[in-house]
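1. Next comes the sequence, and after it the predicted model I'd like to discuss.
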Amino acid sequence: MSIRPTAYEFFAGGGLAGLGMAGLDTIFANDMDPAKARAFAANHPTTPFRQGDVWALTPDDLPGRPDLAWASSPCQDVSLAGARGGLEAGRSGAFWGFWRLVQGLEAQGRGPRVVVLENVIGLLTSGQGKDFAAVCTAMAEAGYTVGALEMDAAHWLPQSRPRLFVAAIKGEAPHAAGPVGPFHSPRLIAAQARLPEAVKAAWAWWSLPQPPRRNLDLAALLEPDDAVDWLDDPEAILALAAPLHRARIAAAVASGVRTVGAAYRRVRVENGQKVQRLEIRFDGLAGCLRTPAGGSSRQYVVVCDRGRVRVRRLTGREAARLMGVPDAYRLPTSESAALKLMGDAVAVPVVRALTDGLLLPALTGRRAAA
């Protein structure tokens, strides 16, 4: 009987990366947020979990010998400050707290063969590109071959959610001779060109099979109209729309066809003044989910049907579906907590595509299906 590869899941949130890593067994997970820890325990009760700051962990706290270490590091925390600051850097350098553990495992002869960092696309340019270069340099200096992919959840789900995946691998893995679409974007190619020569020498353009044609749109994942609460005064929100977006709404109403869209309130500068605007899309996609830190972070559902426009807020369960999470997944009872959990997470089908196309082949030698 074959033994499945094992994984650690850091900054695990509710464990969505683990859901996507089918074919691997998560043997340890960590997050410092109490609400996320409760969600993880509710949905992964048999997985060892340690709540707390990654900087408070030592290699001796980590069980076994992992084949893979996954880090969905907070986007604001991949900074050179953490690389330089050591333990004093604390939360300002969460990735470096994770990387310290990888180095400690290596010193004990338990280093993972694969390391994955998931982050926002802004990592490519933050710190004028120095943060991305620092991460790749650390991985290359540790003996890994390094590469990255820009993957948008919109290839699999009705949500626009581009994310960066930096993969460090020891051994053979599917790669191309040069950058290829759709996962090697112009901004990734430009960031790679700015890397130090020693890191470029350790670079690989990891390749994945082309994603299938997405067959879901936003409307297919929504609750029935009579099962949700609609705003009593939708015009108060619709009045924030700029003329272009008002025209989109009017055209949808005039079409006579039920049309579903997603909208956010955003701050724009017009004539030198900051104004709040409602921006709507009717392309079958939701906007990128965010954490509901303020009113402008809540996404709206807009339905044009039978000559009228109705508006409501996206629910936590709908947000979970937009992340590829099954309805059996236990969400927090608070709608705000559920939205925060999903807004901070990684989309399950994206992780599955990365796992099937790159990570498992690297760990098992099995080639991904084209």
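-> Yes, it's here.
2. switch to C-alpha atoms for all contacts and neighbour counts from now on
-> Noted.
3. okay but residue 221 is in contact with residue 321, surely?
-> Yes - assessed by Cα atoms under 8 Å, residue 221 is found in contact with residue 321 at 6.4 Å.
4. Give me the more crowded residue out of these two.
-> Of the pair residue 221 and residue 321, residue 321 is the one with more neighbours under other Cα atoms under 10 Å, namely 23 against 16.
5. tell me which element the more buried one falls in.
-> Assigned by DSSP states H and E, residue 321 belongs to helix 316-322.
6. do the same with residue 136
-> Judged by DSSP H and E, residue 136 forms part of helix 130-141.
7. For that helix, which outside residues touch it?
-> 78-80, 123-126, 145-146, 168, 191, 194-196, 199, 202 (Cα atoms under 8 Å, 6 or more residues apart in numbering).
8. Following it in sequence, what is the next regular element?
-> That would be, after helix 130-141 and using DSSP H and E, strand 145-152.
9. Give me the residues contacting the helix or strand just after that following strand.
-> Following strand 145-152 in sequence order, the next helix or strand is strand 162-169 (DSSP H and E). With Cα under 8 Å, 6+ apart as the test, strand 162-169 has contacts from 113-121, 123, 139-140, 144-154, 362.
10. how big is the angle separating strand 162-169 from helix 130-141?
-> 20 degrees (axes from the mean of the first three to the mean of the last three Cα atoms, to 10 degrees).
11. buried set for the helix holding residue 136?
-> Within helix 130-141, the residues scored as buried using 16 or more other Cα atoms under 10 Å are 130-140.
12. again, but for stretch 239-249
-> Quick answer for stretch 239-249 (16+ other Cα under 10 Å): 240-241, 245-246, 249.
13. same check, this time on stretch 214-226
-> 216-219, 221-222.
14. coming back round to it: any idea which of the contacts of helix 130-141 is the one closest to residue 352?
-> residue 168 (17.3 Å; Cα to Cα).
15. Spit out the contact partners of the closest residue to the closest one other than its chain neighbours.
-> Excluding the flanking residues, the one nearest residue 168 by Cα to Cα, 6 or more residues apart in numbering is residue 146, at 4.5 Å. For residue 146, the contacting residues are 136, 139-140, 166-169, 199, 202-204, by Cα under 8 Å, 6+ apart.
16. and with 6 Å instead?
-> 167-168, 203-204 (Cα atoms under 6 Å, 6 or more residues apart in numbering).
17. mind checking how far it is from residue 53?
-> 26 Å (Cα to Cα, to the nearest Å).
18. same thing with residue 186?
-> 35 Å.
19. Between these two, point out the one with more neighbours.
-> residue 53 (17 against 13).
20. what's the more buried one sitting at in phi/psi?
-> phi -70, psi 140 (degrees, to the nearest 10).
21. Ignoring the adjacent residues along the chain, who's closest to it?
-> Nearest one to residue 53, counting by Cα to Cα, 6+ apart, is residue 32 at 5.1 Å.
22. list the contacts for the one you found?
-> 51-53 are the contacts of residue 32 under Cα under 6 Å, 6+ apart.
23. State the pLDDT value of it.
-> With respect to pLDDT, residue 32 scores 95.
24. From residue 38, how far out is it?
-> For residue 32 relative to residue 38 (Cα to Cα), the value is 11 Å.
25. for the stretch 251-370 of the chain, what spans make up the strands?
-> Ranges of strands within the stretch 251-370 of the chain are 259-270, 273-281, 300-305, 308-313, based on DSSP state E, counting those that start in this stretch.
26. So which bits of the second one are buried?
-> The neighbour-count criterion (16+ other Cα under 10 Å) identifies 276-281 as the buried residues of strand 273-281.
27. Now do it against strand 300-305, angle only.
-> 50 degrees.
28. Over to the longest one?
-> Using the same axes, to 10 degrees, the inter-axis angle of strand 259-270 relative to strand 300-305 is 130 degrees.
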